[in-house]
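K.L.:
below is the sequence, then the predicted model.
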Amino acid sequence: MSAHTYAVRRFSPEKSTLGKLFARDSAVRRMDWLLLLATVVLCGIGTLLVYSATRNRTNLTHGDQYYFLIRHVMNAGIGAGLCIGAMAIGHHRMRTIVPFFYVLSILGILAVLSPLGSTVNGAHSWIVIGGGFSLQPSEFVKISIIIGMAMVLSAKVDAGDQVQPDHRTVMQALGIALLPILIILLMPDLGSVMVLGAIILGVLLASGASNRWIFGLIGAGIVGSILVWQLGILDKYQIDRFAAFANPALDPSGVGYNTSQARIAIGSGGLLGKGLFHGSQTSGQFVPEQQTDFVFSVAGEELGFVGAAFIVALIGVILWRACSIARSATDLYGTIVAAGVVAWFAFQSFENIGMTLGIMPVTGIPLPFVSYGGSSMFANFIAIGMLQSVRMQRPVSA
Amino acid sequence: MSNIPETGRTSRITIRLVVLQVLVFSLLLTLGGRLWYLQIRNGQEYDAKAASNQIQQVVTPAVRGSILDDRGVPLADNETRLVVSANRTDLLEQADDGTAVLTRLAGVLGMKPKDVEDKVRLCDAHTPRPCWNGSPYQPIPITDAATTQQALQIMERREDFPGITAEPTAVRQYPSPDKANAAQVLGYLSPVTDKEVAASEKTDNPLLRSDQIGRSGLESTYDSQLRGKAGVTRYQVDNLGRVIGKAGDTPAVPGDNVVTSIDAKVQAITEKELNDAMKAARTTYDPVTHRNFKADSGAAIVMDNHTGQIIAMASEPTYDPNEWVGGISFKNYQALTDAKSNYPLLNRAIQGESAPGSTFKVVSTSAAIRAGYSEDGPYDCSSSFSIGSQVFHNDENESYGPISLARALEVSCDTVFYGIAYDQWKKDGGTDPKHPKDWFYKTAHDFGLGAKTGVDIPGEVSGRVPDRQWKKDFWEENKAGWCATAKKHKNDPNPPLKIAIAIENCPDGYVLRAGDSVNYAIGQGDTLVTPVQMARIYAALANGGTLYQPTIGKAVVSPDGKTVTPIRPKVTGKLPDSKSTLSYINQALAGVVTEGTADWKFQGWPQDKIPLHAKTGTAEVSGKQSTSWFDTYTKDYTIVMTISQGGTGSGGSGEAVRRIYEAMYGVQKDGQKIDPKKGIMPQPVTALPKMSGDGAAVTQAADTARFDDFFANTPAGGPAQDPAPVLAALTPTRTEKLLYGRKYT
């Protein structure tokens, strides 16, 4: 290092790094802090619930009551890093890496179908990495589809060539979504397909695509599900789950067991709950998959109506901020990305909580930011990073 | 935010975004509503469901209390046996429903695999016994007589015997102290029926399906005291039934002990003497039927005159009450209820009815004096007595000339009583009664005949006093049949006896005839009494006229011996006689021993030291050999013995009763010498056995001792010469409990 390095002159006065970070118009100042707060609080509650659900599960934790807690916190930490990364890259620059990301996630879900994949609870949608970690590539497909479809749908509109995406563009966008959906259907991971359907709907809605596409898609979804049902594409366990959702009493010790036990857990929580770590249903491990898909039943039992409703409210805050970000985005691309995330989080939360409450069929999808699970946590945080990126792009309002 | 400039949105997209937002928030509202519905509106219902989800009950049966004799010797208690049981839930979880395990188990226990499998199947309408009648969640006992070796084999190879346990368990036993069997007095236990379980559900001590309850004897009467209260441990369990905490613990309350007035030693001697007397009768020639007496059944009672408490009660034929322990086998049950066995389950001391014969004459004497006939008479004891064409004979046509009532009792002169009874019958109006006094019948009722004595064991029968009312009722009941027979045979000039009776009874069978009356006065005819009724009467004659309710239970004592609830003697009647009449009869009955019908059996009896009173009786039974009665008493005790088809009273039972007295008082073989120290019971036992602290010891310490013995006596030759390793190997069984088929530690 030579001394002349210090002689470099600048046109503007020097600012400290911290000062730069919090300067007017700086990235940090433009962030949506409420969104961040809601996410962090939700994540914190989720950590406690996961710990409560797993500290007694000696058969899963190998005797270490912090086994899941430690891994959950690690996942959240990595997720936070990915969130910052996504913010740093920004949703615009992401467009350049999305094709790569898209191909990678498709390769991922293909790998799941290969002998590399593992079957968990009847769904062949996991790649076990080892050390207690496993990867669920379909989580990352959600991001790929949102960005990929947003890219295609917004390109001509943002360039000023079109007022709204034409049919050709819509078909191209749908083509991007269709390939991974078909692969995931083969797994079969019904829950993810349903979430992807909701994402497509949200994306098309926000893109301004013709109403015909919207309604056509809804119709196709209905016809498709009837066909799927009738043609026997669904496995027996999935049909069972549907039947049990409709009437858990049909088979209380079998498929209906999950739902009825979850409902007992939540119902017995009452207004204020039995207190964190004091849920007898939870410590008795009556609800299977309680740290992942049925984590909300822990909240219902131990935190009561107040706590459970607070979680729903936090999700509401995240979705409200995300909707606001979608509305205030400077370009259609940003709007679509934000709307896609809204549709994703909204449907996935509704489906997950709804199935523990017995108003939705049981499918294996996690509750965003609350359930244990690395892939889901990473994908969720990347999505938050994308929302912040969209938000930071617009000028700070006066 | 409405003034945000230059966004990429058209108004169309803004509307779309609003639609999206509305959709999203309606979803969240739906969740909130559903949450409210589940947690607030139906919260309590789910709370109850959660509670029932997580609580499992494990029932620990209570240890049944002991039945003790008057000195605290157990007549019925519990012994520790190694019970091998199978858990159906565990067996059914195995791929072959446990067949392999049960077959292996049968091999270890030396049983047939089929027998083991039969034992664990559940009873239903189509399943023959053996089968399991209890709750399918309770362990099903396969054997209660496993050896230590077998138990060790099972417990050391737990992995080979999933669902099988070998545990020391308290099992009822009847130890027969001094060989006192007392089977009919003690009764027996057998499994509860579904009906009984249902009936007990509302009570504060409901029965378990695996429970046994007392079916007869003291086990039945004092069942609720003996049974105790099963313990319930409520465990909080997880989804697999593994225990994660205790939700409550009601320990089992052992049953109370019942102290009885039975004295094991007197009981043993009474049983032996009754049995010997019957055996002797079978070698005795009956001049009436020209063959030896059959002596097919008999009963004997030793009663405390001052309280009515029963010191010994024997009934023949008898059985071993231990046959019922652990479930009676079909073969044994059939044997016990077979006609060939002559129904050993019957307690003939309270359920055996027969005419009292001459032992009834104390009633007739009392009646005659009440009716105003003088004690001294004299009354003509001729060899026979005629009413119209009917002639009634004295036994062996004996005649004693004019004698007093007392002498008539001593020598048991029938004709004297015929005369008085006939006279009274005529006074009462004969066949056309006008306000009859019926002294003889009234007195029998006053003596407690024709009614249950209320003895504290179940199944007692009331006997019969064939008075006018009974004759009338009997006639009403049978006249249709009699008259039909009479009509059918009305032209038969010489009908057989049975038809002749029907013809005679049809028009006026309700009339009390002279023949009925005179026969009745000497204890023959339609009169039926039980031994316990006669014992009560003679005890009353001894104690100055107080009729007690006979009791066997003396006190209920809590397991720790601290709470003692005495069962006090209850006075239920008074003999109608004046003091002087009683002493007159007393004297006469002493004369029976010294110079009457029993004197030949009591040569050399120390009458001056132990004044003995007795009355013999020989009841005629149509178609059978006569029933012998021998009713006796001293100052303190009454002994009644009766043997069906056993001959005369003194001949059949004289020696047997004498030997019981000798043993009780310590009368030495040479006759006159009395050594109360050698007597089993020279005075009645009035105090309760010492139970303080001991009470617990009687049941529990004794069990522990036996339990320790059990392990100390490990079969020789095995590796377990030292009991310590045996105990160590068995320890896991006792710390590991069973919960609906799931084990936990």
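P.N.:
In hand now; what should we look at?
K.L.:
sec struct for the closest residue to chain B within the stretch 151-300 of chain A, please.
P.N.:
Nearest residue of the stretch 151-300 of chain A to chain B, counting by CB to the nearest CB: A:Gly267, 2.5 Å away. Placement of C-beta: from N, CA and C, glycine included. When classified by DSSP: H, G, I helix; E, B strand; the rest coil, A:Gly267 comes out as helix.
K.L.:
so it makes contact with B:Gln39?
P.N.:
Yes: here A:Gly267 reaches B:Gln39: they are 6.1 Å apart, a contact under CB atoms under 8 Å.
K.L.:
what is in contact with the two at once?
P.N.:
A:300, B:46 (CB atoms under 8 Å, 6 or more residues apart in numbering or on different chains).
K.L.:
what segments of the stretch 101-250 of chain B are strands?
P.N.:
B:140-143, B:164-173, B:189-191, B:212-214, B:231-237, B:243-250 (DSSP state E, counting those that start in this stretch).
K.L.:
which other helices and strands contact the fourth one?
P.N.:
Pointing back at strand B:212-214 there. Strand B:212-214 sits against strand B:189-191, helix B:217-221, helix B:223-227, with contacts defined as 3 or more CB pairs under 8 Å, 6 or more residues apart in numbering or on different chains; DSSP states H and E.
K.L.:
average pLDDT across that strand?
P.N.:
Mean pLDDT, computed over strand B:212-214, is 85.
K.L.:
how far is it from where the chain is centred?
P.N.:
Remark: strand B:212-214 is offset 11 Å from the chain centroid, using CA atoms, centre = their mean, to the nearest Å.
K.L.:
show residues contacting it.
P.N.:
B:172, B:187-192, B:196, B:207, B:220-223, B:226-227.
K.L.:
near B:Lys427, how many other residues are there?
P.N.:
14 (other CB atoms under 10 Å in any protein chain shown).
K.L.:
that one reaches B:His435, doesn't it?
P.N.:
No: judged on CB under 8 Å, B:Lys427 makes no contact with B:His435 at a distance of 10.8 Å.
K.L.:
so what are the domain limits for chain B?
P.N.:
B:11-41, B:57-260+B:694-744, B:264-318+B:346-352+B:532-572+B:585-665, B:357-521 (automatic domain parsing).
K.L.:
please identify the most buried of these.
P.N.:
domain B:264-318+B:346-352+B:532-572+B:585-665 (a mean of 22; mean count of other CB atoms under 10 Å in any protein chain shown).
K.L.:
quick one: end-to-end length of that one, please.
P.N.:
15 Å (CA to CA, to the nearest Å).
K.L.:
isn't B:Ala588 right next to B:Leu405, touching?
P.N.:
Yes: between B:Ala588 and B:Leu405 there is a contact at 7.3 Å, judged by CB under 8 Å.
K.L.:
give me the common contacts of those two.
P.N.:
Contact criterion CB under 8 Å, 6+ apart; residues shared by B:Ala588 and B:Leu405: B:Thr365.
K.L.:
ok, which of the helices and strands packed on strand B:212-214 comes nearest B:Asp338?
P.N.:
B:Asp338 lies closest to strand B:189-191 among the helices and strands packed on strand B:212-214, at 17.8 Å (CB to CB).
K.L.:
which neighbours does that closest one have in its sheet, and in what orientation?
P.N.:
Applying DSSP bridges to the sheet, strand B:189-191 is found paired with strand B:212-214 (antiparallel).
K.L.:
can you tell me the helix or strand for the residue in the stretch 551-700 of chain B that chain A sits nearest to?
P.N.:
Taking CB to the nearest CB, chain A has its nearest neighbour within the stretch 551-700 of chain B at B:Pro559, 35.9 Å off. Element membership for B:Pro559, per DSSP states H and E: none, as it lies in no helix or strand.
K.L.:
what do you get for B:Ala314?
P.N.:
Going by DSSP H and E, B:Ala314 is part of strand B:310-316.
K.L.:
remind me, longest helix of chain B?
P.N.:
Taking DSSP state H as the criterion, chain B has its longest helix at helix B:11-35.
K.L.:
what sits against B:Ile164?
P.N.:
Contacts for B:Ile164 (CB under 8 Å, 6+ apart) come out as B:84-87, B:101, B:105, B:154.
K.L.:
next, format the helices and strands packed on strand B:212-214 as CSV and append mean pLDDT.
P.N.:
Compiled in CSV, the helices and strands packed on strand B:212-214 are given as follows (pLDDT from 0 to 100):
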stretch, mean pLDDT
strand B:189-191, 81
helix B:217-221, 92
helix B:223-227, 88
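K.L.:
skipping adjacent residues, who's closest to A:Gln65 in space?
P.N.:
Distances taken as CB to CB, 6 or more residues apart in numbering or on different chains put A:Arg55 closest to A:Gln65, at 4.1 Å, once the chain neighbours are dropped.
K.L.:
ok, that neighbour - how many residues close by?
P.N.:
Neighbour number of A:Arg55 under other CB under 10 Å is 18.
K.L.:
check it and give its pLDDT.
P.N.:
pLDDT for A:Arg55: 85.
K.L.:
B:Ala484 too?
P.N.:
On the pLDDT scale, B:Ala484 is placed at 88.
K.L.:
what helix or strand does it sit in?
P.N.:
With DSSP H and E as criterion, B:Ala484 is part of helix B:468-488.
K.L.:
and the residue nearest to the residue of the stretch 551-700 of chain B closest to chain A when sequence neighbours are not counted, what pLDDT?
P.N.:
Nearest-residue entry for B:Pro559: B:Pro254, 4.5 Å, with adjacent residues in sequence omitted and distances by CB to CB, 6+ apart. For B:Pro254, the pLDDT comes out at 86.
K.L.:
got phi/psi on B:Pro254?
P.N.:
The phi/psi pair for B:Pro254 (degrees, to the nearest 10) reads phi -60, psi 150.
K.L.:
that one contacts B:Gly65, correct?
P.N.:
Yes: applying CB under 8 Å, one finds B:Pro254 in contact with B:Gly65, separated by 6.6 Å.
K.L.:
in the stretch 101-250 of chain A, where is pLDDT below threshold?
P.N.:
For the stretch 101-250 of chain A, the stretches with pLDDT under 70 are A:116-134, A:233-250.
K.L.:
apply 80 and report the result again.
P.N.:
By pLDDT under 80, the low-scoring segments of the stretch 101-250 of chain A are A:112-135, A:187-190, A:225, A:228-250.
K.L.:
for it, what lies in contact range of chain B?
P.N.:
For the stretch 101-250 of chain A, the residues in contact with chain B (CB under 8 Å from any CB of the partner chain) are A:154, A:157-158, A:163-164, A:202, A:205-208.
K.L.:
how about the helix or strand that contains A:Glu351: buried residues?
P.N.:
Assigned by DSSP H and E, A:Glu351 belongs to helix A:332-356. The neighbour-count check on helix A:332-356 (16 or more other CB atoms under 10 Å in any protein chain shown) flags A:332-356 as buried.
K.L.:
please apply the same query to stretch A:374-383.
P.N.:
By neighbour count on 16+ other CB under 10 Å, the buried set for stretch A:374-383 is A:374-383.
K.L.:
please see if that stretch touches chain B.
P.N.:
No: with CB under 8 Å from any CB as the criterion, chain B is not reached by stretch A:374-383; the gap is at least 14.8 Å.
K.L.:
circling back: contact partners for the residue nearest to A:Gln65?
P.N.:
Applying CB under 8 Å, 6+ apart, we find A:Arg55 in contact with A:61, A:65-66, A:69, A:277.
K.L.:
noted, bye for now.
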